[in-house]
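Undergrad: below are the sequence and a predicted model for it; my questions follow.
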Amino acid sequence: MIVTEKLTKIYGTFKAIDDLNLTVKEGAIFGFLGHNGAGKTTTFSMLTTLLLPTSGKVSIAGLDIVKDNLKVRGLLGYLPESVMLYGDLTAAENLRFFGKLSEVEKVDVRIDEVLGLLGLIGWKDKKVKTFSKGMRQRIGIAQALLHKPKILFLDEPTSGLDPQGTKEMRDLLLKLNTEWGTTIFMNTHLLSEVTKVCTDIGIISHGRLLLADSISNIERRFPEAKSLEEIYFNIEGGQF
Amino acid sequence: MKQVFIIATKEFKAAFKDKVFLVITALFLLLSIISVYIGSSTRNAEMKAYQDIVEILESQGATNFPLSPEIFPLAILQNIIKYVSIIGAVLAVFLGFDAFSGERENGTLKLLLVRPLYRDQLVTGKLLGAGLVIGVLLAITLIFNTLLFSLVSGILPNLNELSRLMVFIIMAFIYMMIFYIATLFVSIKTGDRAFGFLTMMVVWILVSFVIPQLADSQRSFAYALNATNQTVTQIPSDTVISKGIEIFSPAVQFQNVGKDLLQGVSETATMNVFEILSRQALSLLYILVPGVILLFASYRAVQKEDVL
């Protein structure tokens, strides 16, 4: 679904991403791990067409993100880390606006479907500024799902959520993946969440990809490690 | 193009949902009513004073009377020029100060830019939305003032007066859009909406008050020099320097064009619109040039990665 080849991003003299080669399979829930400043957000921004690579290639569902950027955008759904949407508009008005921009047909029917899935149908006509953080996050997911994307990009989707909200988000991601077949790429630094949700992970540090594989393969490759956390810290520390 | 209209419609609706914007709009309309009232009162007072003088002269048996003051109907609306140049500019700044920085702070800019639309379409959508808001506002002002003008003066505007009014409204639209474009540019370049607003308020103060004041001071200085030297010209009048200073104030340029269009200057009061526009071609150029440059700069700035 996602293939990057020698993906590089340079800001001035600083190489933020260095020759990143990554493959994310269709139907995977991919957790992209790394410490702050490791290059997660830059990679994420390039994959979502927000930033142009300095060099290298990225294809999503066989489409080049630079040459076919508008088509690629039609395939992806995106949830930033803290989404506010337009506070003075209702949930339905926000979704109608983003739905129309994504050229969703029968947008009002689709809004009801998505809000129903997210348990927010009763909040449809309430202004978004009155929503809790968890509800805003769910409305954020709703705008990302409106156009039935093949791949969902989530930036720290459980950041700032309480335990109940975190569990609901986790269940929702699993549901989207299993029932709708949506591929999910998520930036995160919560290892506990990764083990509960992700099928695959990638670890990035100082702009270089240190590891990318399925969790089951990783556990087989490092049998002496007691947990994913131990694997992560050892790989980041250069001990594996 | 469809994407542009979706963004424009959203901007248009958002503006009329904003209470502060509605208050400024109400103030703008109220001031236009007051301007008609003040204008008509002034003209009535002039006529009354003239008639009083004529009556006194008649009672004294005079047969020669002073000429009646020239009354140009559109001059009633003249105060509106100042209100558009000052309040209209603020209104445009208010419309645009968070056009991009607000989207960035809300996190909605990224949501927009991952949709199937080009960045320049986003700018065009914002411009079109603001243009619609300003257009509607000015159309209301035009209708309002034409009605008031007819009610107060008791005459229907003729074709020349109507075309002058129309062109004045178009000029007001261009002038307000230039402030909007400048604000949009600042909003694209700055990460903080409060900073953007303050920056534009400083620009507004400069072009609306400081630069005209500087030009006035220069005129007074030249007048004082002439008076001291007892040279022929002792009336404060434009100098090359004062005109040069005023080039940097679209507000002054707009007021110059506005005065001609709304019969505020007797020598142009009987000209047709085309003659006025060709006479004021330089002023028009001084208004348009910064707008076109900033428009181009806005489209360029939005393509840069740091816009996120």
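TA: Okay, I see it. Residues are numbered from 1 along each chain as shown, chains lettered A, B, ... in the order given.
Undergrad: which residues of chain A lie near chain B?
TA: Proximity of chain A to chain B, by Cβ under 8 Å from any Cβ of the partner chain, involves residues A:45, A:48-52, A:70-71, A:73-74, A:76, A:78, A:80-89, A:97-98, A:100-103, A:143. C-beta here means a position set from N, CA and C on the backbone, and glycine is covered the same way.
Undergrad: just the buried ones from those?
TA: Neighbour-count burial (16 or more other Cβ atoms under 10 Å in any protein chain shown) is assigned, among the residues of chain A next to chain B, to A:45, A:48-51, A:73-74, A:76, A:78, A:80-81, A:83-86, A:89, A:97-98, A:100-102, A:143.
Undergrad: thought B:Lys243 was touching B:Ile211, still the case?
TA: No - B:Ile211 lies out of contact with B:Lys243 (Cβ atoms under 8 Å); the separation is 11.8 Å.
Undergrad: once you drop chain neighbours, what's closest to B:Val307?
TA: B:Ile188 (6.1 Å; Cβ to Cβ, 6 or more residues apart in numbering or on different chains).
Undergrad: burial measure for that neighbour, as a count.
TA: For B:Ile188, the count of nearby residues is 27 (other Cβ atoms under 10 Å in any protein chain shown).
Undergrad: so B:Ile211 and B:Lys243 - more neighbours on which side?
TA: Higher neighbour count among B:Ile211 and B:Lys243: B:Ile211, with 19 against 14, using other Cβ under 10 Å.
Undergrad: any idea how far that one is from B:Pro73?
TA: As judged by Cβ to Cβ, to the nearest Å, B:Ile211 and B:Pro73 stand 32 Å apart.
Undergrad: check A:Lys71 too.
TA: Separation of A:Lys71 from B:Pro73 (Cβ to Cβ) stands at 60 Å.
Undergrad: repeat for A:Thr41
TA: 63 Å.
Undergrad: and the two? Which one has more around it.
TA: It is B:Pro73, of A:Thr41 and B:Pro73, that has more neighbours when counted by other Cβ under 10 Å, with 23 against 20.
Undergrad: show me the longest helix that occurs in chain B.
TA: Ranked by number of residues, the top helix in chain B under DSSP state H is helix B:19-59.
Undergrad: just the CA trace of stretch B:170-179, in CSV.
TA: This file holds the C-alpha atoms of stretch B:170-179, laid out as CSV (Å, rounded to 0.1, in the frame of the first residue of the first chain):
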residue,chain,number,x,y,z
ILE,B,170,-16.5,49.5,-7.3
MET,B,171,-13.6,51.6,-6.2
ALA,B,172,-14.6,51.0,-2.5
PHE,B,173,-14.7,47.3,-3.3
ILE,B,174,-11.2,47.3,-4.8
TYR,B,175,-9.9,49.4,-1.9
MET,B,176,-11.3,47.1,0.7
MET,B,177,-10.1,44.0,-1.2
ILE,B,178,-6.6,45.4,-1.2
PHE,B,179,-6.7,45.6,2.6
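Undergrad: mind listing what's buried in that stretch?
TA: By 16+ other Cβ under 10 Å, the buried positions in stretch B:170-179 come out as B:Met171, B:Ala172, B:Phe173, B:Ile174, B:Tyr175, B:Met176, B:Met177, B:Ile178, B:Phe179.
Undergrad: I figured the second one hits B:Lys82, correct?
TA: The reference is to B:Ala172. No - using Cβ under 8 Å, B:Ala172 is not in contact with B:Lys82, being 11.7 Å away.
Undergrad: sorry, back to before: what would the buried residues of stretch B:170-179 look like in a markdown table with secondary structure and pLDDT?
TA: Below are the buried residues of stretch B:170-179 laid out as a markdown table (DSSP: H, G, I helix; E, B strand; the rest coil; pLDDT from 0 to 100):
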| residue | secondary structure | pLDDT |
| --- | --- | --- |
| B:Met171 | helix | 95 |
| B:Ala172 | helix | 95 |
| B:Phe173 | helix | 96 |
| B:Ile174 | helix | 96 |
| B:Tyr175 | helix | 96 |
| B:Met176 | helix | 96 |
| B:Met177 | helix | 97 |
| B:Ile178 | helix | 96 |
| B:Phe179 | helix | 96 |
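Undergrad: backbone dihedrals for the residue of chain B most remote from its centre, please?
TA: The C-alpha centroid of chain B is most remote from B:Gly61, which lies 49.1 Å away (Cα atoms, centre = their mean). With angles defined as degrees, to the nearest 10, B:Gly61 sits at phi 80, psi 10.
Undergrad: how about the one 10 residues further on?
TA: Geometry field for B:Ile71 lists phi and psi as phi -110, psi 110, criterion degrees, to the nearest 10.
Undergrad: how much space is there between it and chain A?
TA: According to Cβ to the nearest Cβ, to the nearest Å, B:Ile71 stands 48 Å off from chain A.
Undergrad: contact partners for the nearest residue to that residue once chain neighbours are set aside?
TA: Nearest non-adjacent residue to B:Ile71, counting by Cβ to Cβ, 6+ apart: B:Arg43, 5.8 Å away. Counting by Cβ atoms under 8 Å, 6 or more residues apart in numbering or on different chains, B:Arg43 makes contact with B:Ile71, B:Ala75, B:Ile76.
Undergrad: could you dump those to JSON lines with neighbour count and pLDDT?
TA: Converted to JSON lines, these look like this (neighbours: other Cβ atoms under 10 Å in any protein chain shown; pLDDT from 0 to 100):
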{"residue": "B:Ile71", "neighbour count": "15", "pLDDT": "74"}
{"residue": "B:Ala75", "neighbour count": "20", "pLDDT": "82"}
{"residue": "B:Ile76", "neighbour count": "26", "pLDDT": "80"}
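Undergrad: distance from the worst-scoring helix or strand of chain A on mean pLDDT to the middle of the chain?
TA: For chain A, counting by mean pLDDT, DSSP states H and E, helix A:228-236 ranks last in confidence among helices and strands (a mean of 81). In terms of Cα atoms, centre = their mean, to the nearest Å, the centre of helix A:228-236 is set 22 Å apart from its chain centre.
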